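S.K.: following is a predicted model, sequence given first.
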Amino acid sequence: MRLAAVDLGASSGRVMVGRVGPGRLELHEVNRFANRPVRVAGTLHWDVLALYAGVLDGLRAAGRDVGPLDGVGIDSWAVDVGLLDADGALLGNPVHYRDARHATAVPGVHELVSPADLYRVNGLQHLPFNTVFQLAAMRQLAGFGLARHALLVPDLLAYWLTGAVGAELTNASTTGLLDATTRQWSTDLVDRLRLPHELFPPLRQPGDRLGELTADVLAETGLTGPVPVTAVGSHDTASAVVGVPAESERFAYVSCGTWSLVGVELPDPVLTEASREAGFTNELGVDGTVRYLRNVMGLWLLQESLRTWQSAGLPADLTELLHAAAREPAFGAVVDCDDDRFLPPGDMPARIAEVCRETGQTPPQSQAATVRCILDSLALAYRRTVRQAAELSGRSVDVVHLVGGGARNTLLCQLTADACGLPVLAGPVEAAALGNVLVQARAGGALSGGLAELRTLLRATQQVVRHDPTPCQEAAWQAAEDRVRRTR
Ligand code: ADP
Ligand code: LRH
């Protein structure tokens, strides 16, 4: 089968073409486009029409490259929604999860449903931008009364491509309004939060056929119909976890891009108070799995540092800075990556320096030292999170799979192996697009079996680089972890 995977990350969107069959899984990129948020009248938005144009360009290029397509699947970052009115028109650009507006609704939501009650139902890590808070903030706006459907970004793009409205399950599980146990919209939470039920469309399972590309889209892209559009794990992290080439169930993963999503795969959610307090989420995965994980601030810290340096006219070549960071001494300064101050866009090196000063550490004195501080701090966060995930879930872990763009960062991969005291298997870089294609191929009958069989195909076809932990490092990492814990 020849399948197009649309994978939209916070830093870039891409359309990839997969050729899949028994024993065969090849992926190549046909279009990559920047994902540049736009601040309009003080609010940070996604430029969703530019992203849609990038998708159409990608589908056109896919058709030119490989001829007729057997299907399309879409995944993207989670939580953000577009509202449709009764005519199906989009009511404004989706607001970026890093916008400050969402957090203003948190106290009002918690007055109606306590954090503990919310967690018992939705099992989500408290993040101020979970959709439930976004919708509560939007409710204050005049246009909200016109909204008939709230569509997560992949569901919105699928609607534009096919005309069909629905909500894919894995991404719906990031809204805070899905019951993690029944795997249905929580009518109870929707009622208690006084949101209109009609906003939440029927759920679709990964593998469901959503529809076909409309005649308009076929004309626009030059593709020959019919081209089915299939629901995949439309949350990019769900697709990335499908794309983890694990051999047994005793693995942890770091889905390492703009965010680092760190956790384990489970059959059932963990909804204990200890889990809530540790900030773990129970997002739903493909084939009835639970992605028991924590959001770690991720390579965002590095991306924003590069952006800051570039606009100041300083050197900002990632490869060179990573080489220089590898020569820096370890643990010069370490910060808690989860500090709320790191969430919004801005001058990350200055914020890191501020946190260092507040915690009695000398701030990094060079760009290379700042990069080293970020990577040491991320590896420490991965160590803490992998260990907590194993402890809170009872799942033993003997390997860490690191997938996504961060798998290209060999220094980070080695630091992660050293920090966790476990082998790190790095790659594939395009795990989300691979997971997307695998679920489509199985739905289309080109592959069969469960996640284990899909992962066997990944191991047979994709490149993975092993990083073993350097011996005798535990005491140094423990001391650094204690340093961060004392300052948190
Ligand atoms: P997202 O899906 O969130 O947009 P990606 O999975 O594409 O993120 O990962 C982007 C990150 O990958 C960048 O922030 C960068 O740190 C890292 N990365 C990409 N290419 C390289 C490279 N050649 N060397 C090291 N790191 C890289
Ligand atoms: C990663 C991701 C993550 C979400 C965040 C909003 O791209 O989907 O899983 O928490 O974006």
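M.R.: All right, it came through fine. Ligands and ions are numbered 1, 2, ... in the order given.
S.K.: pick out the residue of the stretch 301-450 of the chain closest to ligand 1.
M.R.: G405 (2.1 Å; CB to the nearest ligand atom). In this view, the C-beta of every residue, glycine as well, is placed from N, C-alpha and C.
S.K.: ok, now which ones touch that residue?
M.R.: Residues near G405 by CB atoms under 8 Å, 6 or more residues apart in numbering: G9, S11, C256, G257, L299, V429.
S.K.: look up how far R32 lies from it.
M.R.: 12 Å (CB to CB, to the nearest Å).
S.K.: and for L124?
M.R.: L124 is 31 Å from R32, by CB to CB.
S.K.: neighbour count: these two, which is higher?
M.R.: Taking neighbours as other CB atoms under 10 Å, L124 and R32 compare with L124 leading, 25 against 13.
S.K.: okay, that one: pLDDT?
M.R.: For L124, the pLDDT comes out at 98.
S.K.: equivalent analysis for R486, please.
M.R.: For R486, pLDDT reads 80.
S.K.: what secondary structure does it sit in?
M.R.: helix (DSSP: H, G, I helix; E, B strand; the rest coil).
S.K.: repeat that for F33.
M.R.: strand.
S.K.: that one against S12, yeah?
M.R.: Yes - at 6.6 Å, F33 counts as touching S12 under the criterion of CB atoms under 8 Å.
S.K.: shared neighbours of these two, which are they?
M.R.: Contacts common to F33 and S12, judged by CB under 8 Å, 6+ apart, are absent.
S.K.: what sits up against the helix or strand containing F133?
M.R.: Taking DSSP states H and E as the definition, one finds F133 inside helix 131-138. The contact list for helix 131-138, computed with CB under 8 Å, 6+ apart, reads 79-81, 83, 95, 97, 101-106, 108-109, 118, 122, 144, 147, 150, 152, 174-177, 189, 193, 195, 199.
S.K.: anything in it near ligand 2?
M.R.: No - counting by CB under 6 Å from any ligand atom, ligand 2 is not contacted by helix 131-138; separation bottoms out at 10.0 Å.
S.K.: how far off centre is the helix or strand following that helix?
M.R.: Of the helices and strands lying after helix 131-138 in sequence (DSSP H and E), the nearest is strand 149-152. Counting by CA atoms, centre = their mean, to the nearest Å, strand 149-152 is centred 18 Å from the centre of its parent chain.
S.K.: ok, back up a step: please spell out the PyMOL selection for the buried subset of the contacts of helix 131-138.
M.R.: The buried residues among the contacts of helix 131-138 can be selected in PyMOL (16 or more other CB atoms under 10 Å) with this line:
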select buried, resi 79+80+81+83+95+97+101+102+103+105+106+109+118+122+144+147+150+152+174+175+176+177+189+193+195+199
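S.K.: now stretch 113-131: buried residues?
M.R.: 113, 118-125, 127-131.
S.K.: likewise for stretch 260-271?
M.R.: Going by 16+ other CB under 10 Å, stretch 260-271 has these buried residues: S260, L261, V262, G263, V264, E265, L266, P269, V270, L271.
S.K.: in strands only, show me those.
M.R.: S260, L261, V262, G263, V264, E265, L266 (DSSP state E).
S.K.: up against ligand 1, what does this protein have?
M.R.: Counting by CB under 6 Å from any ligand atom, the chain comes close to ligand 1 at 9-12, 257-258, 299, 302-303, 318, 322, 404-406, 408-409.
S.K.: phi, psi for D7 please.
M.R.: phi -130, psi 110 (degrees, to the nearest 10).
S.K.: in what element of secondary structure is the residue nearest to it when sequence neighbours are not counted found?
M.R.: In this structure, D7 finds its nearest non-sequential neighbour in A433, 4.5 Å apart by CB to CB, 6 or more residues apart in numbering. Assessed by DSSP H and E, A433 sits inside helix 431-443.
S.K.: list the contacts for the spatially closest residue to T224 that is not a sequence neighbour?
M.R.: Ranked by CB to CB, 6+ apart and with sequence neighbours excluded, the top spatial neighbour of T224 is P68, at 5.1 Å. Taking CB under 8 Å, 6+ apart, we find P68 in contact with R2, L223, T224, V227.
S.K.: what's the neighbour count on the residue of the stretch 301-450 of the chain at minimum distance from ligand 2?
M.R.: At 8.3 Å from ligand 2, A432 is the closest residue in the stretch 301-450 of the chain, using CB to the nearest ligand atom. Using other CB under 10 Å, A432 is surrounded by 32 other residues.
S.K.: what's the neighbour count on A53?
M.R.: When neighbours are counted by other CB under 10 Å, A53 registers 13.
S.K.: my error: substitute G445 in the last question.
M.R.: Neighbours around G445, by other CB under 10 Å: 8.
S.K.: what helix or strand is it on?
M.R.: Using DSSP H and E, no helix or strand contains G445.
S.K.: tell me the pLDDT at it?
M.R.: On pLDDT, G445 comes in at 97.
S.K.: quick one, phi/psi of it?
M.R.: Note on G445: its backbone torsions stand at phi 90, psi 0 [degrees, to the nearest 10].
S.K.: list the contacts of the closest residue to ligand 2 within the stretch 251-400 of the chain.
M.R.: Distances between the stretch 251-400 of the chain and ligand 2 by CB to the nearest ligand atom are smallest at W259, namely 4.4 Å. Contact partners of W259, counting by CB under 8 Å, 6+ apart, are A10, N295, V296, M297, G298, W300.
S.K.: then D70?
M.R.: M1, R2, L3, V227, P228, G444.
S.K.: for the second one, give its distance to G233.
M.R.: Taking CB to CB as the measure, R2 falls 20 Å from G233.
S.K.: so the two - more neighbours on which side?
M.R.: More crowded of R2 and G233, by other CB under 10 Å: G233, with 33 against 18.
S.K.: can you confirm that one is in a strand?
M.R.: No - according to three-state DSSP, G233 belongs to no strand; its state is coil.
S.K.: right, and it touches R204 too?
M.R.: No - using CB under 8 Å, G233 makes no contact with R204, being 11.3 Å away.
S.K.: between these two, what contacts are shared?
M.R.: Jointly contacting G233 and R204 under the rule CB under 8 Å, 6+ apart are E168.
S.K.: in terms of helices and strands, where is the residue nearest to T224?
M.R.: Applying DSSP H and E, one finds P68 in no helix or strand.
S.K.: again with the one 4 residues further on
M.R.: In this structure, V72 sits in strand 71-76 according to DSSP H and E.
S.K.: other SSEs contacting that strand?
M.R.: Using 3 or more CB pairs under 8 Å, 6 or more residues apart in numbering; DSSP states H and E, the elements in contact with strand 71-76 are strand 2-8, helix 153-162, strand 228-230, helix 236-242, helix 431-443.
S.K.: do the helix or strand just after it and ligand 2 meet?
M.R.: Once the chain leaves strand 71-76, the next helix or strand it forms, by DSSP H and E, is strand 81-84. No - Strand 81-84 stays clear of ligand 2 (CB under 6 Å from any ligand atom), getting no nearer than 11.9 Å.
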